[in-house]
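A.B. asks: okay, predicted coordinates and the sequence, questions at the end:
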Amino acid sequence: MLVRSRIRPGFSLVFWREIDWLRRRPLLLAFITIVPMGLMAVLTLIFSAGLATRLPIAVLDLDSSDLSRSIIRMVDATPDTAVSVRVGELAEGRGMILSGKVHGLLMLPRNLERDVFAGRRPEVVFFYNTQTLTIGNLTLRGVSAAVPTAAAGIRLSLRTAQGEPVDEAQADLSPIPVQIHALFNPTLNYVFFLLAAILPSVLQIVMVTASAYSVGIDVETRHRLRILRRLGGGLWPAIAGKVLPYTIVFLMVLDLSDSVLFGILELPLHGRGWLLDIAGLFFILSCQFLGVLLALLLEPTASAISIGTLLTSPAFGFMGIGFPRLGMNAFAYGFGAILPGTWYLTARIDQTIRGTPLDLSWKPILVLLTFVVGLAGLVALRLEVMRAHAAREAAGAPPTLKEALP
């Protein structure tokens, strides 16, 4: 056992004390390590395919002609859809969509082949559930690619049957050809944007709440705050000693998840890795300072954790991954802008998928730096108020109203 006279207060003492606390609090240690990495493992298994393919749809063929069977084969041949069942009536197909057995219903009308070859324009109808946004769009894409291709083939065969040269017939059918190129994620791989965004969103919740808890348990009463200040030789080194162990852990978790994404799931790195590392460090520090600020302002600690959870839990919906931020209303856009995760994901996408040039890559990183400096300044201001309040108490003078306010 160390003699009390040999114990030197300071940053190092609080740092190693916090590491010892982590060792004695397995639930907290699991919350900041096992929970995010376990979620990463589960999501990796879910998104390991990268892209949803062969989604089952039903077919209602009221024509039963060679043309309708050809259309069905073309729809089934697309990578997005698979014709899994044929139904006899519309109500049966609707019931299967509602039950989730299929994700769409393709209805081919009666006299389809006769009307097509007679020069009429029969309608092929596709029903799908728009509430399942991703699945519905994928099935719609498969059907929308197959049916027009079949129609174009029929029109081409009709023109060539009338003696028109193939080249002229193709030019008449497509007078202005359109070439579509997906610039940043041509395979539409969900790992590259969705999985890579979910973990930082979860980690943002973990970092804010864990920081609020770790600091809050030492500052929620004056007695504990006094002990922390004496151990650190001041509030500044004491808070730094409490925060740094978690910074190291969060950096390790983020680096490990990136190793999985880049090494196993082959997430591209078209930009600069050192910019991504800087953005990750600023992201972690800004989230930690946010949690520390909540702990210093709110009592008890449970209130700081609750507010931190309330701020960060819905963050994924406002980051512009599932829905573009430019299409959001003012509240949603502003709420997303005040979250560090929004800017970290922007920097992450810039440096991985987009390969954004260096001169255009600094904005999200500078915003994250502004978060770090601003939140650190607010933490410093609050610590100075608390220090002045403690000094007045030690001198026996009553605190001013400004110092007494949280």
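C.D. replies: Happy to help now that I have it.

A.B. asks: what ranges do the strands span in this structure?
C.D. replies: Per DSSP state E, the chain carries strands over the ranges 55-61, 81-86, 104-108, 125-128.

A.B. asks: helices or strands up against the first one?
C.D. replies: Put plainly, it is strand 55-61. Packing contacts for strand 55-61, counted by 3 or more C-beta pairs under 8 Å, 6 or more residues apart in numbering; DSSP states H and E, involve helix 66-77, strand 81-86, helix 90-99, strand 104-108, helix 133-161. Using the backbone N, CA and C atoms, a C-beta is placed for each residue, glycine as well.

A.B. asks: which of the ones you listed is buried the deepest?
C.D. replies: strand 104-108 (a mean of 24; mean count of other C-beta atoms under 10 Å).

A.B. asks: now do that strand: distance to the chain's middle.
C.D. replies: From the chain centre to the centre of strand 104-108 is a distance of 33 Å (C-alpha atoms, centre = their mean, to the nearest Å).

A.B. asks: stretch 216-227 now?
C.D. replies: Distance, stretch centre to chain centre, for stretch 216-227: 36 Å (C-alpha atoms, centre = their mean).

A.B. asks: per-residue confidence averaged over that stretch?
C.D. replies: For stretch 216-227, mean pLDDT rounds to 74.

A.B. asks: next one: stretch 361-369
C.D. replies: 93.

A.B. asks: same question for stretch 267-284.
C.D. replies: 90.

A.B. asks: again, but for stretch 344-354
C.D. replies: On average, stretch 344-354 scores 88.

A.B. asks: ok, stretch 65-78 next?
C.D. replies: Mean predicted confidence for stretch 65-78 is 86.

A.B. asks: please renumber the chain so that the first residue is 22 from this point on.
C.D. replies: New numbering, starting at 22: the last item is stretch 86-99.

A.B. asks: who's in contact with it?
C.D. replies: 78, 80, 82, 102-104, 127, 129, 133-135, 137, 145, 163-164, 166-168, 170-171, 175 (C-beta atoms under 8 Å, 6 or more residues apart in numbering).

A.B. asks: max-length helix in this structure?
C.D. replies: Determined from DSSP state H, the single longest helix within the chain is helix 383-416.

A.B. asks: where in the stretch 322-427 of the chain is pLDDT low?
C.D. replies: Low-confidence segments of the stretch 322-427 of the chain (pLDDT under 70): 411-412, 414-427.

A.B. asks: buried residues in stretch 329-336?
C.D. replies: Within stretch 329-336, the residues that qualify as buried are 329, 332-333, 336, counting by 16 or more other C-beta atoms under 10 Å.

A.B. asks: could I get these in CSV, plus columns for distance to residue 278?
C.D. replies: Converted to CSV, the buried residues of stretch 329-336 look like this (distance: C-beta to C-beta, whole Å):
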residue, distance to residue 278
329, 21
332, 22
333, 18
336, 17
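
A.B. asks: okay, and which of those residues map to helices?
C.D. replies: 329, 332-333.

A.B. asks: which of those residues sits closest to residue 297?
C.D. replies: residue 333 (21.3 Å; C-beta to C-beta).

A.B. asks: hmm, the closest one is touching residue 359, no?
C.D. replies: No: at 11.1 Å, residue 333 does not count as touching residue 359 under the criterion of C-beta atoms under 8 Å.

A.B. asks: give me the common contacts of those two.
C.D. replies: Residues touching both residue 333 and residue 359 (C-beta under 8 Å, 6+ apart): there are none.

A.B. asks: among the helices and strands packed on strand 76-82, which comes closest to residue 271?
C.D. replies: helix 154-182 (30.1 Å).

A.B. asks: averaged pLDDT, the closest one. What do you get?
C.D. replies: Mean predicted confidence for helix 154-182 is 76.

A.B. asks: relative to helix 111-120, how tilted is it?
C.D. replies: On the basis of axes from the mean of the first three to the mean of the last three C-alpha atoms, to 10 degrees, helix 154-182 is oriented at 140 degrees to helix 111-120.

A.B. asks: show me what helix 154-182 is packed up against.
C.D. replies: strand 76-82, helix 87-98, strand 102-107, strand 125-129, helix 133-138, strand 146-149, helix 187-194.

A.B. asks: so which of these is nearest residue 258?
C.D. replies: Of all the helices and strands packed on helix 154-182, it is strand 76-82 that lies closest to residue 258, at 57.4 Å by C-beta to C-beta.

A.B. asks: residues in contact with that closest one: which ones?
C.D. replies: Contacts with strand 76-82, where a contact means C-beta under 8 Å, 6+ apart, come from 89-90, 93, 96, 101-111, 114, 117-118, 122-129, 156, 159-160, 163-164.

A.B. asks: can you list the strands that it pairs with?
C.D. replies: strand 102-107 (parallel), strand 125-129 (parallel) (DSSP bridges).

A.B. asks: so what's the gap between it and the chain middle?
C.D. replies: For strand 76-82, the distance to the chain centre is 32 Å (C-alpha atoms, centre = their mean).

A.B. asks: with just CA atoms, put stretch 393-410 into PDB.
C.D. replies: This file holds the C-alpha atoms of stretch 393-410, laid out as PDB (Å, rounded to 0.1, in the frame of the first residue of the first chain):
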ATOM      1  CA  VAL A 393     -14.200  20.300 -30.100                       C
ATOM      2  CA  VAL A 394     -13.000  23.900 -29.400                       C
ATOM      3  CA  GLY A 395     -16.500  25.200 -28.700                       C
ATOM      4  CA  LEU A 396     -17.600  22.400 -26.400                       C
ATOM      5  CA  ALA A 397     -14.200  22.400 -24.700                       C
ATOM      6  CA  GLY A 398     -14.600  26.100 -24.100                       C
ATOM      7  CA  LEU A 399     -18.000  25.600 -22.500                       C
ATOM      8  CA  VAL A 400     -16.600  22.900 -20.300                       C
ATOM      9  CA  ALA A 401     -13.700  25.200 -19.300                       C
ATOM     10  CA  LEU A 402     -16.200  28.000 -18.500                       C
ATOM     11  CA  ARG A 403     -18.300  25.700 -16.400                       C
ATOM     12  CA  LEU A 404     -15.200  24.400 -14.600                       C
ATOM     13  CA  GLU A 405     -14.100  27.900 -13.800                       C
ATOM     14  CA  VAL A 406     -17.500  28.700 -12.400                       C
ATOM     15  CA  MET A 407     -17.300  25.500 -10.200                       C
ATOM     16  CA  ARG A 408     -13.800  26.400  -9.100                       C
ATOM     17  CA  ALA A 409     -14.800  29.900  -8.100                       C
ATOM     18  CA  HIS A 410     -17.800  28.600  -6.300                       C
END
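
A.B. asks: I'm done for today, thanks for sticking with me.
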